[in-house]
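Colleague: Sharing a model that was predicted from the sequence below.
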Amino acid sequence: MAGNISLSHPASALRLATAESPVARAVLITITTGFFALFLLLPLAVVFQQAFSKGAEIFFKTLQDRYTLDAIRLTLLVAAIAVPLNTLFGLAAAWSLTRFRFPGRSLLVTLIDLPLWVSPVIGGLIYVLVFGAQGWVGPWLMERDVRVIFAVPGIVLATVFVTFPFVARGLIPLMQAQGVSEEEAALTLGANGWQIFWRVTVPKIKWGLLYGVILCNARAMGEFGAVSVVSGHIRGKTNTMPLHIEILYNEYQFAGAFAVASLLALLALATLILKTYAEWRAAQNLRDL
């Protein structure tokens, strides 16, 4: 009987083979929901609870503190520099990898993924070895009074390193799926390279590009490991928000540390909403092709 069902009704057999009992479905959903609540919702709730544990006055006083404001400004400054740089790189890399075949293409793909496989701390140490006082070019920079390590340029470099895969990785699969037919049609109609890029390619990839930019910005604002190595932890000068949270926590200012952490959490939630919307629009555009 089973053999007859599989031969005469293959679709029914497939449904039977992949169907789960109500008990199995309930168990899987419960495990997923419990894991989500335990490892995401509960820690998030604890952050906000601890942020207001000593009252709203301490919360807002921490956010108005000079060092906190300096950390917020530096975090936004670094993100404002690193994200546009990685956006340009991501566009160039995605365009090159999906539109051309050239020697070293596989190596370029591997290098784009490198920061995802290398510890951020190692990335920071690399910049110390290159630009530090005892590094390869550090003495030459010191003679000219140029500071990279323990200064804003080093923080920007470390942030660029850990965040540059996101835009490229958001665009490459999308541009590969879209193909080159519309660009080729525009080329036969006499459009030049820039016209094709701005009027054909960019409108098609705008939601995928926004998705990559959002992820890049989220990582830039929340990066700790690489920035910690190159910053020097100079309060009011080279401390970003994650580093400032660490300092407050180590000084037993727990309410203040969680107050700043709650601000980062709000930024993360806003980023998650924007990411979900951009991901949905990108998938919708892909289905319309």
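Modeller: Nice, I can see it.

Colleague: pLDDT value on the nearest residue to Gly135 once chain neighbours are set aside, please?
Modeller: Excluding the flanking residues, the one nearest Gly135 by Cβ to Cβ, 6 or more residues apart in numbering is Leu129, at 5.2 Å. Yep, even glycine has a C-beta here, placed from its N, CA and C like the rest. Model confidence at Leu129, given as pLDDT, is 92.

Colleague: again with Ala158
Modeller: Here the pLDDT value assigned to Ala158 is 94.

Colleague: count of residues packed around it?
Modeller: For Ala158, the count of nearby residues is 29 (other Cβ atoms under 10 Å).

Colleague: Buried residues of the helix or strand containing it, list them for me.
Modeller: Following DSSP states H and E, one finds Ala158 within helix 152-163. Residues of helix 152-163 classed as buried: 152-163 (neighbour count, 16 or more other Cβ atoms under 10 Å).

Colleague: Let me see the residues that make contact with that helix.
Modeller: 74, 77-79, 81-83, 85-86, 115, 120, 123-124, 126-127, 131, 147-148, 216, 219-220, 223, 225-227, 229-231, 238, 240 (Cβ atoms under 8 Å, 6 or more residues apart in numbering).

Colleague: Contacts for the helix or strand containing the residue nearest to Gly135 next, please.
Modeller: Assigned by DSSP H and E, Leu129 belongs to helix 120-131. With Cβ under 8 Å, 6+ apart as the test, helix 120-131 has contacts from 115, 135-138, 141, 148-149, 154, 157-158, 161-162, 223-230.

Colleague: And it, how far out from the chain middle?
Modeller: Distance of helix 120-131 from its chain centroid, counting by Cα atoms, centre = their mean, to the nearest Å, is 20 Å.

Colleague: picking up where we left off before, just the ones in helices from the contacts of helix 152-163, please.
Modeller: Among the contacts of helix 152-163, the residues falling in helices (DSSP state H) are 74, 77-79, 81-83, 85-86, 115, 120, 123-124, 126-127, 131, 216, 219-220, 225-227, 229-231.

Colleague: Check the contacts of helix 120-131 for burial and list the buried ones.
Modeller: Using 16+ other Cβ under 10 Å as the burial test, the contacts of helix 120-131 include 115, 135, 138, 141, 148-149, 154, 157-158, 161-162, 223-224, 226-230 as buried.

Colleague: so how far is stretch 104-112 from its chain's centroid?
Modeller: From the chain centre to the centre of stretch 104-112 is a distance of 20 Å (Cα atoms, centre = their mean).

Colleague: give me the number of residues near the nearest residue to Thr201 once chain neighbours are set aside?
Modeller: Leaving aside its chain neighbours, Thr201 sits nearest to Glu183 (6.5 Å; criterion: Cβ to Cβ, 6+ apart). Look at Glu183: counted by other Cβ under 10 Å, it has 18 neighbours.

Colleague: For Gly132, what are phi and psi?
Modeller: As for Gly132, its main-chain torsions (degrees, to the nearest 10) stand at phi -70, psi 170.

Colleague: Isn't it up against Ile149?
Modeller: Yes: between Gly132 and Ile149 there is a contact under Cβ atoms under 8 Å: 4.9 Å.

Colleague: Just the element for Val27, please.
Modeller: Under the criterion of DSSP H and E, Val27 resides in helix 22-36.

Colleague: Figure out how far that helix is from the centre of its chain.
Modeller: Here helix 22-36 is found 29 Å from its chain centre; the criterion is Cα atoms, centre = their mean.

Colleague: And the next helix or strand past it?
Modeller: As assigned by DSSP H and E, the chain's next helix or strand after helix 22-36 is helix 42-51.

Colleague: now that following helix against helix 22-36, angle please.
Modeller: 30 degrees (axes from the mean of the first three to the mean of the last three Cα atoms, to 10 degrees).

Colleague: and helix 42-51, what does it pack onto?
Modeller: Applying 3 or more Cβ pairs under 8 Å, 6 or more residues apart in numbering; DSSP states H and E, one finds that helix 42-51 contacts helix 254-287.
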